[in-house]
Each structure stands twice: as C-alpha cells, then as structure tokens.
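> A predicted structure for the sequence below; I have some questions about it.
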Amino acid sequence: TSAEKTALVARRIGLVPDFPKPGVLFRDVCPLLKDPEAFNAVIELLEEKLQKHVGSVDLIAGLEARGFLLGPSLAARLGVGFIPLRKKGKLPGETIAVSYTLEYGQDVVEAQMGALKPGQNVVIVDDLIATGGTMAAAVQLIQKLGGTVLQCLVVIELVELRGRELLEADMLQSLLQY
Ligand code: PRP
Ligand code: ADE
C-alpha cells in the first residue's frame, strides 16, 4: 500500500546533525538510493502524487544535484523527457539564470534556452524543500522559458521553514513532512 511504501521511504532517510553547517539537521537520501525496494517505492509514490495531471505532463525538470537522482527515473516511468536545472556555469550554450537564497547560502540556478517549448507543462522534482528558495527559483526559470509549472514535487518538506509559502497555493506536493 501507499502507507507501507511511505513508511519504508521514511526509514531510508538518514539524519546527520550539523551538516553542512552547525545547526543544520541534514536529511540524507543516500540510504534511499541504495535500497532498490525503497527507491522503487519513492518513484511510485511520486508518480501517485501526479495522478491529477496524468496525460498532461510534458517534461520533468530536476534540480541539481539531488533532483537529478529522482527526476529521470520518474520521467522514464511517465514516458516523458527530463531537463536539468543546474548551478551556475554548468550548462553549455545559451542559458537563462535566476538567483536565490538557501538555508545555508546563496546560489544561481540555470536552464538552457530552448529547454522547453512555450506552453509545455512541467513538473519540477527535488529531494527536499527547506526555505523554498531553490524551488521558487526553478518555478521562475520554467516560467521565463514560457512553460507552465503544473506541480512541484519533493520527497521531504521541512514544514517549519515554510517553503511552500514561496510557491503558489497547492503548487507543492511532498511525500514526507518534518
Ligand atoms: C538542497 C536540496 C534542495 C535545496 C532546498 O540542495 O537538495 O535543492 O537545498 O533548500 P531551500 O528550500 O532552502 O532552497 P543544495 O542547495 O544543498 O545543493 P546540492 O543538491 O547540489 O547539494
Ligand atoms: N537542503 C536544505 N536544507 C536541508 C536539510 N536540512 N537536509 C538536506 N538538504 C537540505
């Protein structure tokens, strides 16, 4: 069942105090990736969260680096393409950039010009939402390219940091809330 899959996924999220900076409780998805049953479960659960958009998703966009670990598997399951949203200076050709503030720093996220056709429907995937800065920047990027963001999808939502408030109402779906 979905509840059993969710419980398995929750058991495979590591907890590392004071990483990468003192005071941050880091939620580590590496154990989840290492266990094939848990990994299948997480991809199936992410797909379930997209049920109301079934048939209308054109592309999955994944955020560097941990959105890359989930996005392509989800995209393959849905039978759609994947586009990477990367940190500054990593993508070749003409790019478009949006800067944002992190729980522990400042960064820039970029997409390739022409990564999507205007009007295409995109779902953005990442492992985790904290302050929401990364996800909000990703939404802006997709919109600047002329795409429509149907849904933002994460495994873990750190509820106290209220990242969902940086996004449109009901834009965010999460599997686990802490
Ligand atoms: C983490 C995480 C999200 C982001 C969430 O990535 O994977 O992308 O932080 O934080 P926010 O909601 O406060 O913006 P990080 O920036 O550490 O980069 P990495 O995946 O490349 O290590
Ligand atoms: N990104 C931002 N905050 C995080 C946390 N607490 N654990 C893992 N990744 C994060």
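Noted; the coordinates are in hand. Ligands and ions are numbered 1, 2, ... in the order given.

> For the protein, which segments count as strands?
Ranges of strands in the chain, per DSSP state E, are 14-17, 25-28, 59-63, 81-87, 95-102, 105-112, 121-129, 148-157, 172-177.

> Just list what the second one packs against, helices and strands only.
When contacts are defined as 3 or more CB pairs under 8 Å, 6 or more residues apart in numbering; DSSP states H and E, strand 25-28 packs onto strand 14-17. C-beta: built from backbone N, CA, C; applies to glycine.

> partner strands of the strand it packs on, parallel or antiparallel?
Sheet pairing of strand 14-17 (DSSP bridges) gives strand 25-28 (antiparallel).

> what does the strand it pairs with rub up against?
Residues from elsewhere that reach strand 25-28 (CB atoms under 8 Å, 6 or more residues apart in numbering): 13-20, 127-128, 156, 158, 178.

> tell me the contacts of the residue nearest to the spatial centre of the chain?
Computing the C-alpha centroid of the chain and ranking residues by CA atoms, centre = their mean puts Asp126 first, at 1.7 Å. Contact analysis of Asp126 by CB under 8 Å, 6+ apart lists 62-63, 66-67, 70, 134-135, 138, 152-154.

> Which residues of this protein lie near ligand 1?
With CB under 6 Å from any ligand atom as the criterion, the chain meets ligand 1 at residues 63-66, 102-103, 126-135, 163.
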